[in-house]
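*Asks:* Coordinates for the following, if possible.
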Amino acid sequence: MKSRLSRLTAGALSLALVAGLAACNDPNENDTLSAVFADTLTAYALNGTSPSFPSGYRASAGAVTRADGNFNFDIAFDINTANQVVVYPQRFVGVPCIVGAPNCGGVLGAKRVGLQRLTVPFDSLGRAAGGGYVFDSTFVVAPGQALSMQVQDQQDCALFISTVHYTKLVVDSIDAARRAVFFRAVHNPNCGYRSLVAGVVPKN
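*Replies:* From the prediction side, this is the model:
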């Protein structure tokens, strides 16, 4: 027969285990979560514009960036002869890699970027899909068409279980003469969270 002390010890260990599991339930579930944010942005085509113009977009920064050898972007934009926007994942932008660049990409080292077309109106999508993304492939979109994006971000999400960020974006219009792309984006800055409701701190 077990002694009362053994039973108490076993009970204490069980309680400690439950408490420990509760505390470690989700490392993303803490007070440091940030609200989903929305941006209205202008990017320029990769071809036919100055290299100093921002042709890339980095979702985690909520900003357009230059598509250069620093690889500080997730996707880049171009405009084809039919005045459609061509969206390139980082891997497909053939600029040389600067030695020592923190986000050094290119064919060998690029972060994986998955894209898929939205099948619902842009404003009505409140949660990104967990699957169905086409990775490292170009997409052609006309004004009014939208994409959702999953970025494998090993750098920004290094301390979390999930290493992905989710974003949705829609091309509003283009200026063919200036080779400018006007678009809106909604980004969830929290690793692994798929909610895309702007201004709200996500729960999932």
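*Asks:* Put the alpha carbons of the longest strand anywhere in the chain into CSV.
*Replies:* The longest strand of the chain (DSSP state E) is strand 164-175. Written as CSV, here are the backbone C-alpha positions of strand 164-175 (Å, rounded to 0.1, in the frame of the first residue of the first chain):
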residue,chain,number,x,y,z
VAL,A,164,5.5,32.1,-41.0
HIS,A,165,3.9,35.5,-41.5
TYR,A,166,0.5,36.0,-43.3
THR,A,167,-0.5,39.0,-45.5
LYS,A,168,-3.1,39.9,-48.0
LEU,A,169,-2.8,42.5,-50.7
VAL,A,170,-4.9,43.9,-53.5
VAL,A,171,-3.8,46.0,-56.6
ASP,A,172,-6.0,49.1,-56.7
SER,A,173,-4.7,50.6,-59.9
ILE,A,174,-1.6,51.3,-62.0
ASP,A,175,-0.1,54.3,-63.6
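*Asks:* which residues are contacting that strand?
*Replies:* Under the contact criterion CB atoms under 8 Å, 6 or more residues apart in numbering, strand 164-175 has outside partners 57, 59-60, 79, 83, 85, 118, 122, 125, 128, 141-153, 156-157, 180-189, 191-194, 196. The C-beta positions use only the backbone N, C-alpha and C, and glycine is treated the same way.
*Asks:* Show me which positions of it end up buried.
*Replies:* Residues of strand 164-175 classed as buried: 164-172, 174 (neighbour count, 16 or more other CB atoms under 10 Å).
*Asks:* Adjacent strands (with direction) for it?
*Replies:* As defined by DSSP bridges, the strand partners of strand 164-175 come to strand 146-152 (antiparallel), strand 180-188 (antiparallel).
*Asks:* who touches the first one?
*Replies:* So the one you mean is strand 146-152. With contacts defined as CB under 8 Å, 6+ apart, strand 146-152 is touched by 59-60, 74-75, 87, 111-118, 122, 125, 128-129, 133, 139, 141, 163-171, 196.
*Asks:* Please spell out the ChimeraX selection for the buried subset of those.
*Replies:* A single ChimeraX command selects the buried members of the contacts of strand 146-152 (16+ other CB under 10 Å):
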select :59,60,74,75,87,111,112,113,114,115,116,118,122,125,128,133,139,141,163,164,165,166,167,168,169,170,171,196
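*Asks:* which one of the strands paired with strand 164-175 lies closest to Val36?
*Replies:* Nearest to Val36, of all the strands paired with strand 164-175, is strand 180-188, at 4.9 Å by CB to CB.
*Asks:* what comes up buried for the closest one?
*Replies:* Neighbour counts over strand 180-188 (16+ other CB under 10 Å) mark 180-181, 183-188 as buried.
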